[in-house]
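In: quick one, structure for this:
(chains A and B)
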Protein chains: 2
Amino acid sequence: MTVLILTCEEDVTADMVVVHLNTAGVPVVRLDPADLPGGVALSGEYVHGSFRGHLSSAGRLVSVDGLRSVWVRRPGRPATRTAEPSAWLTEESSQALYGMLRGSRARWMNHPDAAQRARHKPWQLHLAQRCGLPVPATLITTFPQAARAFAERYPDLVVKSVSGTHPQDPPRAVPTSRVAPDADFAAVASGPTLLQRRIAKRADIRLTAVGDRLLAARRAAAPDAAGGPVDVRFDTSGTPWRPCEVPPRLAAGVRGFLREAELAYGAFDFVEDADGTWWFLECNQSGQFGFVEVDTGQPIARTIAEWLARPAAGQEAGVGEARSAAS
Amino acid sequence: MTVLILTCEEDVTADMVVVHLNTAGVPVVRLDPADLPGGVALSGEYVHGSFRGHLSSAGRLVSVDGLRSVWVRRPGRPATRTAEPSAWLTEESSQALYGMLRGSRARWMNHPDAAQRARHKPWQLHLAQRCGLPVPATLITTFPQAARAFAERYPDLVVKSVSGTHPQDPPRAVPTSRVAPDADFAAVASGPTLLQRRIAKRADIRLTAVGDRLLAARRAAAPDAAGGPVDVRFDTSGTPWRPCEVPPRLAAGVRGFLREAELAYGAFDFVEDADGTWWFLECNQSGQFGFVEVDTGQPIARTIAEWLARPAAGQEAGVGEARSAAS
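Out: Here you go, the predicted structure:
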């Protein structure tokens, strides 16, 4: 049973996981959907009520039935590195590849449906609330009057983009910014705007969830953090991440979130306030973990490898039966 | 409790359903996401662990909590009819709108996740097999040798696009075509190709599923059908659709398919062979039904209206409690 890794060629984070899988002797096929058709080929046959599918990459052939897990890391868009790319060929290749893989019994990190769902920030905030995670007061609106009323109730605000991307081309991350008290909210009518109460933080928390395992890291905010950058991604203080314990109630909330979201992997961002409360900011279902592992020494790559190496559901039953028969 | 219909302005099929909802006195808000922001506005507030959201369109305000169902008919892409459209604004508006609606307790026809999944033909074929629906022998491949071997086993073949779209711009439907016996399959390496055993049909079947209700229509093929167009969408014979019974085993298969696919609506295409077997071709989760209703008089629009009008899960419990209290 093989682990299938879908990612681009240069992905050192994937390399870290592959090393662990190789050490454990678990067969791995790694390919980039951008190379389909061409370096990557596929074939699936639906005959006499059953399906048999194969993928091939770099001369290796793997059966879809023989996949134990699929890791959707950073895959390229299908057919973008082919001889004559086109939007149509991308769609055809995407449907062929993911359509076949969706029919396999393999476990996904993360399933494409769950990944797509998890991209919706408003849905995340609502789910976090329902799971009992503290969520800073937030407004997403196109009504200027609603924005003004919210700013009166919560004068210390930050503004973010709803999707986490930037209007410029090529898109880049938009730093979360503080809102001036006398801001004019008329422009809110031109596009949905996310306003959020700013949490005076004493630390940033990155919680990496891999299956049931939660690995949290904490980075203390500089004493003058109130004047520094709000957005952790633009922090240049050089303060390292340190491993930390997850408060039990919070762990229960995070596990509930993952279960509801059907995510096997999630990188959660929290901020810790002066009372020690962790406030939920977001969960990135494809968030990087390399920098945390480097700083903290937490075995994230190994934990991912172990998750991927576990047998698929159907397989597991098979193993159980074999054991029963032997005992 | 309101029914929310997401569709473009000119949609006579939606009009048919709205008439029934109006007759039943069920509140309806109909809007096109293309008009957000602008004609459509939204606001959602996450405060003190709970969410309150609103949508407004044409001067009507509806609360997200007050939605009993959402019908995703033919919505425009968000923010495409706004003052300054951009890909970024479309993404922001899409996440804001669907992200909020995803948090509601409303019933969906169809949920965006289910709709997205159902667009994958290879996945459909596999699911149809698992549900016991007869599926014509099919191959999806980029291996010329696999295509040649399949054509030897099944000399009477048709070829389709995997995604159902055409390489031309603007995209249009590709007619399903017969494959010449001496076809050269070398080009299969340039793009995934779907080959399917041609079923000698005596009729086309359109089965429209609305919740648990299955409405089937049959159109007899012309006696010289073997020489006519293979693709029902390009049939100009003028033969009308007639209502027909659904064989019980097939009904069970279709219900299983809908359950697994989490679809509340599906337009299934089958072909009937000389033995009376219905062969599964595809399920279109947003398939048109107006032409079938016109030909057959089957109450599809009314059935959809009834499904949409049913109270949401949370509501239903509320009604039950009220009844218990009264009895």
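
In: residues of the stretch 201-327 of chain A that sit close to chain B?
Out: For the stretch 201-327 of chain A, no residue is in contact with chain B (C-beta under 8 Å from any C-beta of the partner chain). Quick note: C-beta positions are derived from backbone N, CA and C, even for glycine.

In: so, low pLDDT: which residues of the stretch 201-327 of chain A?
Out: Along the stretch 201-327 of chain A, segments meeting pLDDT under 70 span A:223-237, A:312-327.

In: which parts of it are strands?
Out: Here the stretch 201-327 of chain A has its strands, by DSSP state E, counting those that start in this stretch, at A:201-210, A:213-220, A:242-244, A:265-273, A:278-284.

In: and the first one, what other elements does it pack with?
Out: It refers to strand A:201-210. strand A:213-220, helix A:248-261, strand A:265-273, helix A:300-309 (3 or more C-beta pairs under 8 Å, 6 or more residues apart in numbering or on different chains; DSSP states H and E).

In: any idea which of those gets closest to A:R60?
Out: Nearest of the helices and strands packed on strand A:201-210 to A:R60, taken as C-beta to C-beta: helix A:300-309 at 17.2 Å.

In: and the helices and strands packed on strand A:201-210 as TSV, adding distance to B:V40 and mean neighbour count?
Out: Formatted as TSV, the helices and strands packed on strand A:201-210 follow (distance: least, C-beta to C-beta, whole Å; neighbours: other C-beta atoms under 10 Å in any protein chain shown):
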stretch	distance to B:V40	mean neighbour count
strand A:213-220	40	20
helix A:248-261	27	17
strand A:265-273	31	22
helix A:300-309	41	22
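
In: between the strands of the stretch 201-327 of chain A, which gets nearest to B:C8?
Out: Using C-beta to C-beta, the strands of the stretch 201-327 of chain A put strand A:278-284 closest to B:C8, at 32.4 Å.

In: adjacent strands (with direction) for the closest one?
Out: Applying DSSP bridges, strand A:278-284 is found paired with strand A:265-273 (antiparallel).

In: now the angle from the partner strand to helix A:300-309?
Out: Interaxial angle, strand A:265-273 versus helix A:300-309 (axes from the mean of the first three to the mean of the last three C-alpha atoms, to 10 degrees): 140 degrees.

In: identify the residues contacting A:I140.
Out: Counting by C-beta atoms under 8 Å, 6 or more residues apart in numbering or on different chains, A:I140 touches A:121-122, A:162, A:192-195, B:42-44, B:96, B:99-100.

In: TSV for the strands of the stretch 201-327 of chain A, including distance to A:W307?
Out: Below are the strands of the stretch 201-327 of chain A laid out as TSV (distance: least, C-beta to C-beta, whole Å):
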stretch	distance to A:W307
strand A:201-210	6
strand A:213-220	8
strand A:242-244	19
strand A:265-273	8
strand A:278-284	17
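
In: which of the ones you listed sits closest to A:V29?
Out: Closest approach to A:V29 among the strands of the stretch 201-327 of chain A is made by strand A:265-273 (19.3 Å; C-beta to C-beta).

In: list the contacts for A:A151?
Out: A:L157, A:V179, A:P181, A:A183, A:F185, A:L195.

In: for the residue lying closest to the last one once chain neighbours are set aside, list each beta-bridge partner.
Out: When the adjacent residues along the chain are set aside, A:L195 lies closest to A:L139, with 4.7 Å between them (C-beta to C-beta, 6 or more residues apart in numbering or on different chains). Partner residues in beta bridges with A:L139: A:L195, B:E45, with DSSP bridges as the criterion.

In: A:L139 and B:F51 touch, don't they?
Out: No - A:L139 lies out of contact with B:F51 (C-beta atoms under 8 Å); the separation is 10.9 Å.

In: these two: which has the busier surroundings?
Out: Between A:L139 and B:F51, counted using other C-beta atoms under 10 Å in any protein chain shown, the more crowded position is A:L139 (24 against 21).

In: hmm, back to that, a markdown table for the helices and strands packed on strand A:201-210, including distance to A:R73?
Out: A markdown table is the format used below for those (distance: least, C-beta to C-beta, whole Å):
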| stretch | distance to A:R73 |
| --- | --- |
| strand A:213-220 | 18 |
| helix A:248-261 | 18 |
| strand A:265-273 | 10 |
| helix A:300-309 | 10 |
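
In: any idea which of those gets closest to A:R130?
Out: For A:R130, the closest of the helices and strands packed on strand A:201-210 is helix A:248-261, at 7.6 Å, according to C-beta to C-beta.
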